[in-house]
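Colleague: With the sequence up front, the predicted model follows.
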Amino acid sequence: MSIRAVVWDVDDTLFDYSTADREGMRAHLAAEGLLEDFGGARAALVRWREVTDAQWARFSAGGTTFRGQRRDRVRVFLGREMTDAEADDWFERYVAHYETAWALFPDVVPALDVLAGRYRHGVLSNSSLTVQDRKLRMLGVHDRFETILCAAELGVSKPEAAAFYAVCEAMSLPAHQVAYVGDHPDIDGRGAAEAGLLSVWIDRDGACAVGDAPPGGHRIRSLAELPDVLGSDTRFGAPDTFG
């Protein structure tokens, strides 16, 4: 049966999160006079990424709240005791710098234009609706999506099948009629495939080795490849196209 809807991840799929996070944190640490505390910008950014990934894993596993993971990112990164208000204030100062670097990837709007009218569109993100709703509005693409669901409100995160089923249910479609496009090979690629969606993993920089690619879906390097993938859904009885 043909694909009727495309559901999208946001960060590092539609929105260039990694660049915005890197440039925003660099500017924030410079403004706070903290770059040299970490031995320079490069080391500081590596540490921030490590802490962010660890705290997101806690949040995804249900070990903390969305706001809690933000506060703990600050405390662990700085290595100091802080009240909730102090951690919130520090994070908000970072966000001000981060938002100045927000941008869509250049292939996003052309892809959405090509697919408009042919497929319904939704969003499933492991963030919060407050964050992603505002982000999509500021980036000018909010109205492209009929459904926007996020882990903080759902109470379940990708790669759990329940997260993917929730967005399918919200769109009143069975999983096999929905494609999911995301940048993470396991959280997005494997998770969507195991939930029965057409899984499309966008590997923009080719960072993942062929042997590390998740089974059960398609691997693309640009969203320009997506229309052909959606038009030739070969999940049943055909070789996978990851790798």
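Modeller: Cool, got the structure. These figures come from a predicted structure and were not determined experimentally. Numbers count the residues shown, from 1 in each chain.
Colleague: max-length helix in the protein?
Modeller: Longest helix in the chain, counting residues (DSSP state H): helix 41-60.
Colleague: residue ranges of the helices in this structure, please?
Modeller: Taking DSSP H as the criterion, the chain carries its helices at 17-32, 41-60, 66-78, 84-99, 108-115, 129-138, 151-154, 161-170, 191-194, 226-231.
Colleague: The first one: how far from the chain's middle?
Modeller: Averaged C-alpha coordinates place helix 17-32 at 18 Å from its chain's average position (CA atoms, centre = their mean, to the nearest Å).
Colleague: which other helices and strands contact that helix?
Modeller: Under the contact definition 3 or more CB pairs under 8 Å, 6 or more residues apart in numbering; DSSP states H and E, helix 17-32 sits against helix 41-60, helix 84-99. Heads up, the C-betas are built off the backbone N, CA and C, glycines and all.
Colleague: likewise the fourth one?
Modeller: Taking 3+ CB pairs under 8 Å, 6+ apart as the contact definition, the neighbouring helices and strands of helix 84-99 are helix 17-32, helix 66-78.
Colleague: tell me the angle of that helix relative to helix 66-78?
Modeller: Counting by axes from the mean of the first three to the mean of the last three CA atoms, to 10 degrees, helix 84-99 points 90 degrees away from the direction of helix 66-78.
Colleague: Just the buried positions in helix 84-99, please.
Modeller: Judged by neighbour count (16 or more other CB atoms under 10 Å), helix 84-99 contains these buried residues: Ala87, Trp90, Phe91, Tyr94, His97, Tyr98.
Colleague: who touches that helix?
Modeller: 20-21, 23-25, 27-28, 31-32, 67, 70-75, 78, 82, 138 (CB atoms under 8 Å, 6 or more residues apart in numbering).
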